[in-house]
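Novice: need coordinates for the below:
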Amino acid sequence: MLSTRGGVPTSGARGTARATTTNPHPSDDRSHPHRIAVVGGGPGGLYTAALLKRLAPDREITVYERNAPDDTFGFGVVLSDETLGGIEHADPVVYEALTAHFVRWDDIDIVHRGTRQTSGGHRFAALGRRRLLEILHERCRDLGVELRFRTEAPPPDRLARTHDLVVAADGVHSATREAYRDVFRPHLTSHRCRYIWLAADFAFDAFRFEIAETEHGVMQLHGYPYSRPSPGHHPSTRPCGRQDEAASTVIVEMREEVWRAAGFDALDETESTARCAKIFADALGGRPLRSNKSAWTTFRTVVNDRWSHGNVVLLGDAAHTAHFSIGSGTKLAVEDALALAACLEEQPTLQAALGAYEEERRPVVASTQRAAKASLEWFEDLDRYLGQPPRQFAFNLLTRSRRVTHENLRLRDAGFTGAVEREFGCPPGTPPMFTPFRLRGLTLRNRVVVSPMDMYSATDGVPGDFHLVHLGARALGGAALVMTEMVCVSAEGRITPGCAGLYTGRQSEAWRRITDFVHTGAPGTAIGVQLGHSGRKGSTRLMWEGMDQPLPDGNWPLVAPSPLPYRPGSQVPRELSRAHLTDVREQFRSAAVRAAGAGFDLLELHCAHGYLLSGFLSPLTNHRTDAYGGSLEKRLRFPLEVFDAVREVWPGERPMTVRISATDWAEGGTSAEEAVETARAFAAHGADAIDVSTGQVVAGERPEFGRSYQTPYADRVRHEAGVPVIAVGAISSWDDVNSLILAGRADLCALARPHLYDPHWTLHAAAEQGYEGPGAPWPAPYRAGSRPPRTGRTDAPKPRLTLHGPRQDV
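Specialist: A predicted model of the protein is given here:
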């Protein structure tokens with residue numbers, strides 16, 4: 001039996017202890033629900049029941065589970081130290097029972113093309129899922145929770161009428177969620193891989209990823225131990241599955257088309273299990289695999305607009321799912337249980353508690369789901385990375401979710417990270433971001449770009465003192481390349497009256513003043529110009545006066561591929577005729593000549609964000625039926641004509657890049673496949689790199705914001721189009737830059753807002769990493785500030801003498 005203890009600490013979902021709470025006399029109202037039904041006897045539902053019963057022993061709590069108590073699907077469960085900390089604070093009895101059965105290890109092995117790369121310091125803990133359920137069953141029984149196995153739960157509406165609280169922990173196929181679909185509004189997304197849960201009767205000595213390149217395509221194995229025999233144990237000769245025998249979870253995964261080509265769709269459970277064992281015989285040491293009602297399935301991501309309805313609340317997979325490759329299912333369900341129990345104690349009413357629970361958990365879950373999405377998509381597109389050097393491939397796999405980063409991995413295993421850096425070509429003591437990169441005749445001293453940022457501070461298109469100080473300060477700040485805002489090729493091509501231009505000689509002279517300062521005041525820093533035309537997004541107010549809002553007066557006529565306004569109330573643009581297309585092309589050509597004369601080192605053609613050239617590329621904004629609309633090839637025609645005209649007059653030794661929106665974040669818009677083809681087309685015409693952004697094409701877009709959220713598009717373009725890329729989009733730390741560069745997801749990283757916050761962001765990044773090499777030289781007048789200033793003593797006098805003799809109290 002599990003021992004019991006007094007005192008009931010509650011815990012936040014991330015393991016932070018809250019104040020100890022006891023509630024021997026719960027109120028009769030629903031602020032502290034008395035009669036509770038839990039639908040689903042998985043770990044999340046059982047742990048919720050145990051926590052709520054422990055907090056108020058006189059509660060009546062019933063758990064409904066349709067399966068038998070010893071039925072379970074899957075084999076092992078991985079829990080993080082963070083989750084275990086929450087369990088320890090909330091219920092030490094359960095914590096001690098779990099830790100008695102945990103298998104712990106530190107290493108991850110990545111096996112690919114006959115080589116094994118090992119990274120340590122990761123700290124995993126796992127146990128058998130059946131053992132976990134047994135511990136929770138016993139804890140619930142000890143506390144007086146009624147467990148009804150082999151019992152379908154009554155309909156949710158009946159439970160809601162007869163109980164104070166209904167916890168729907170009935171999994172990814174939740175019947176409760178389905179009953180209230182119109183309220184919860186679930187969004188279910190199926191993904192591109194098939195996978196199967198199996199087990200092996202030995203314990204891997206590390207978390208193992210193994211890649212098999214078969215005649216049918218790429219397959220991968222995810223394996224980890226969940227049980228090891230105790231010292232002196234002699235394995236049983238009975239069928240495997242006992243909790244005290246060595247065992248590992250084995251998940252085999254592959255793309256749907258590979259699964260079908262390999263014939264798995266025609267195999268039963270036994271045949272599939274044997275086939276997987278044969279394919280991964282090396283990883284298994286020739287041992288067989290076993291199944292447990294195992295079936296090939298497609299992972300589904302579950303997102304709900306709401307998590308509660310009246311006195312019904314969703315928990316675990318019923319509320320949300322996250323791909324198994326980041327080990328999050330049971331972890332999230334347990335953390336949900338911790339948060340729900342705590343909120344029910346802390347809040348004055350049931351509705352306040354359920355609202356607080358969702359408010360606390362939703363951002364945590366959303367972050368986990370973003371990481372899980374990045375991870376599952378990495379494995380879906382695994383064949384994209386097979387040609388990488390062995391250590392870079394391993395580093396790429398380990399950092400795929402963007403939760404493990406270069407710095408994090410360096411702290412865990414400095415030897416492994418150092419080996420990856422040496423393979424990449426980093427000189428000793430040089431972070432990846434401070435390695436040089438060459439574009440045509442221009443060598444950039446590091447991988448950091450100050451991204452184009454519209455300042456809306458020009459007068460009649462002429463950049464003034466503000467631009468000199470703004471761009472000059474960032475040039476002094478250490479970035480290899482400083483980009484101007486979008487510089488417009490005509491007065492009619494401006495976004496706002498404050499936009500800068502290159503359509504007059506006076507403007508060119510003003511830009512020359514700025515480039516001269518950059519080249520003389522910040523030697524080694526390159527400055528690039530971004531040329532563009534606003535298209536249908538022009539004639540609007542300054543950003544801080546009303547972004548994308550038409551001017552109250554003084555508007556100018558707009559042009560676009562098709563007569564479609566950007567948003568309701570916006571001006572309807574005129575569709576460009578053949579003659580107008582020629583005029584616009586020549587405006588770009590003339591602006592490029594002026595840009596060369598102004599001394600810019602690099603020119604970027606702006607074909608993103610819904611401006612004129614972007615408007616031709618997107619099917620949402622280009623409805624033409626002539627030679628410039630329809631298929632992607634036709635939609636590319638005018639942007640490529642403009643590129644060719646600019647490249648013709650732009651000096652041959654100076655590089656050209658193109659910024660694209662790789663997705664419109666809207667149904668029917670540019671696809672990722674089209675973005676790759678667009679990049680290939682520009683590269684074939686002479687583009688030296690593609691600056692991969694996304695969105696801002698249509699007003700009704702729905703971006704999936706998050707840290708580095710646009711970088712997967714750059715990664716795809718780089719590997720599939722075979723062209724250097726500039727990654728952009730919520731890249732905010734030098735750790736992110738190092739990770740992206742070293743993993744091979746980007747060649748350069750463009751940062752905007754971080755450079756508004758800190759013009760010397762790159763130099764400070766070097767100082768924080770202890771780097772003082774040629775990739776980040778401090779300007780001579782600033783060298784005295786090249787180290788962080790002291791902010792006061794943080795040390796204390798160290799004891800120097802040990803005194804003996806009787807103590808004298810003062």
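Novice: so who does His533 touch?
Specialist: Contact analysis of His533 by Cβ atoms under 8 Å, 6 or more residues apart in numbering lists 488-490, 493, 584, 587-588, 606, 611-613. Backbone N, C-alpha and C define where each C-beta goes, glycine included.
Novice: same list, these, but as TSV with pLDDT please.
Specialist: Shown next, in TSV, are these (pLDDT from 0 to 100):
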residue	pLDDT
Cys488	98
Val489	98
Ser490	98
Gly493	97
Val584	98
Gln587	98
Phe588	98
His606	98
Tyr611	97
Leu612	98
Leu613	98
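Novice: could you find the closest non-adjacent residue to Thr301?
Specialist: Thr189 (4.5 Å; Cβ to Cβ, 6 or more residues apart in numbering).
Novice: shouldn't the one you found be within a helix?
Specialist: No: Thr189 is assigned strand when assessed by DSSP: H, G, I helix; E, B strand; the rest coil, not a helix.
Novice: for it, give me the pLDDT.
Specialist: On the pLDDT scale, Thr189 is placed at 94.
Novice: what's the neighbour count on it?
Specialist: 11 (other Cβ atoms under 10 Å).
Novice: what about it, distance to His320?
Specialist: Thr189 sits 12 Å away from His320, going by Cβ to Cβ, to the nearest Å.
Novice: do the same with Pro431
Specialist: Distance, Pro431 to His320, using Cβ to Cβ: 36 Å.
Novice: picking that back up, in strands, which of the contacts of His533 appear?
Specialist: Taking DSSP state E as the definition of strands, the contacts of His533 contribute 488, 606.
Novice: pick the one among the contacts of His533 closest to Arg790.
Specialist: His606 (44.3 Å; Cβ to Cβ).
Novice: so the closest one makes contact with Ile660?
Specialist: No: using Cβ atoms under 8 Å, His606 makes no contact with Ile660, being 9.3 Å away.
Novice: the more surrounded of these two?
Specialist: Ile660 (28 against 25).
Novice: I figured the more buried one hits Val676, correct?
Specialist: No: with contacts counted by Cβ under 8 Å, Ile660 stays clear of Val676, the gap being 10.2 Å.
Novice: and for the spatially closest residue to Lys53 that is not a sequence neighbour, the neighbour number?
Specialist: Once flanking residues are discounted, Lys53 sits nearest to Leu143: 4.3 Å by Cβ to Cβ, 6+ apart. Leu143 has 20 neighbouring residues, counting by other Cβ under 10 Å.
Novice: how about the strands in the stretch 51-200 of the chain?
Specialist: For the stretch 51-200 of the chain, the strands defined by DSSP state E, counting those that start in this stretch cover 60-64, 76-79, 103-105, 108-112, 115-119, 124-128, 146-148, 165-168, 186-200.
Novice: what of the stretch 301-450 of the chain?
Specialist: Under the criterion DSSP E, counting those that start in this stretch, the stretch 301-450 of the chain contains strands at 308-309, 312-314, 437-439, 442-444, 448-450.
Novice: closest to Trp307 among the contacts of His533?
Specialist: Nearest to Trp307 among the contacts of His533: Tyr611, at 39.7 Å, using Cβ to Cβ.
Novice: now the closest one: how far from Ala591?
Specialist: For Tyr611 relative to Ala591 (Cβ to Cβ), the value is 14 Å.
Novice: turn the strands of the stretch 51-200 of the chain into JSON lines, including distance to Met254.
Specialist: Listed next are the strands of the stretch 51-200 of the chain as JSON lines, based on distance: least, Cβ to Cβ, whole Å:
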{"stretch": "strand 60-64", "distance to Met254": "36"}
{"stretch": "strand 76-79", "distance to Met254": "21"}
{"stretch": "strand 103-105", "distance to Met254": "26"}
{"stretch": "strand 108-112", "distance to Met254": "15"}
{"stretch": "strand 115-119", "distance to Met254": "21"}
{"stretch": "strand 124-128", "distance to Met254": "24"}
{"stretch": "strand 146-148", "distance to Met254": "38"}
{"stretch": "strand 165-168", "distance to Met254": "33"}
{"stretch": "strand 186-200", "distance to Met254": "6"}
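Novice: wait, which of those strands is closest to Thr621?
Specialist: Smallest distance to Thr621 across the strands of the stretch 51-200 of the chain (Cβ to Cβ): 26.2 Å, for strand 186-200.
Novice: give the pairing partners of the closest one; include direction for each.
Specialist: strand 247-255 (antiparallel), strand 289-290 (antiparallel), strand 297-304 (antiparallel) (DSSP bridges).
Novice: could you identify the helix or strand that succeeds the first one?
Specialist: Spelled out, that is strand 247-255. Once strand 247-255 ends, the next helix or strand along the chain (criterion: DSSP states H and E) is helix 256-261.
Novice: angle of whichever helix in the chain runs longest against strand 297-304?
Specialist: When the chain is parsed with DSSP state H, its longest helix is helix 350-380. Counting by axes from the mean of the first three to the mean of the last three Cα atoms, to 10 degrees, helix 350-380 lies at 150 degrees to strand 297-304.
Novice: list the buried residues of helix 350-380.
Specialist: Across helix 350-380, burial judged by 16 or more other Cβ atoms under 10 Å covers 350, 353-354, 356-358, 360-361, 364-365, 368-380.
Novice: got it, and stretch 580-595?
Specialist: Here stretch 580-595 shows 581, 584-585, 587-592, 594-595 as buried, counting by 16+ other Cβ under 10 Å.
Novice: distance to Pro724 added to those, as TSV?
Specialist: TSV is the format used below for the buried residues of stretch 580-595 (distance: Cβ to Cβ, whole Å):
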residue	distance to Pro724
Leu581	30
Val584	28
Arg585	26
Gln587	28
Phe588	23
Arg589	25
Ser590	28
Ala591	24
Ala592	21
Arg594	26
Ala595	21
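Novice: what's the closest of the residues you listed to Phe643?
Specialist: Phe588 (8.7 Å).
Novice: residues contacting the closest one?
Specialist: Contacts of Phe588 (Cβ under 8 Å, 6+ apart): 489, 531, 533, 605, 642, 645-646.
Novice: and it, how far from Ala683?
Specialist: Phe588 is 19 Å from Ala683, by Cβ to Cβ.
Novice: check Leu564 too.
Specialist: In terms of Cβ to Cβ, Leu564 sits 29 Å off from Ala683.
Novice: list the contacts of the nearest residue to Ala473 once chain neighbours are set aside.
Specialist: Counting by Cβ to Cβ, 6+ apart, Ala473 lies nearest to Pro759, which is 4.2 Å off, once chain neighbours are set aside. Taking Cβ under 8 Å, 6+ apart, we find Pro759 in contact with 473-474, 476-477.
Novice: tell me how many other residues crowd Gly441.
Specialist: Using other Cβ under 10 Å, Gly441 has 12 neighbouring residues.
Novice: pretty sure it sits against Met656.
Specialist: No: taking Cβ under 8 Å as the definition, Gly441 is not a contact partner of Met656, at 11.6 Å.
Novice: do I have it right that Gly532 meets Leu613?
Specialist: Yes: between Gly532 and Leu613 there is a contact under Cβ under 8 Å: 7.1 Å.
Novice: what's the most buried one of the strands paired with strand 186-200?
Specialist: Counting by mean count of other Cβ atoms under 10 Å, strand 247-255 has the highest mean neighbour count of the strands paired with strand 186-200, with a mean of 25.
Novice: average pLDDT for it?
Specialist: Here the average pLDDT along strand 247-255 is 97.
Novice: now do stretch 627-637
Specialist: The average pLDDT within stretch 627-637 is 98.
Novice: can you give me the end-to-end span of it?
Specialist: Across stretch 627-637, the terminal residues are separated by 8 Å (Cα to Cα, to the nearest Å).
Novice: ok, back up a step: overlap of the contact sets of Thr189 and His320?
Specialist: Each of Val303 lies in contact with both Thr189 and His320 under the rule Cβ under 8 Å, 6+ apart.
Novice: how far does stretch 63-80 sit from the chain's center?
Specialist: 29 Å (Cα atoms, centre = their mean, to the nearest Å).
Novice: and that stretch, which residues are buried?
Specialist: Residues 63-66, 72, 74-80 are the ones in stretch 63-80 that count as buried (16+ other Cβ under 10 Å).
Novice: thank you kindly, that will do.
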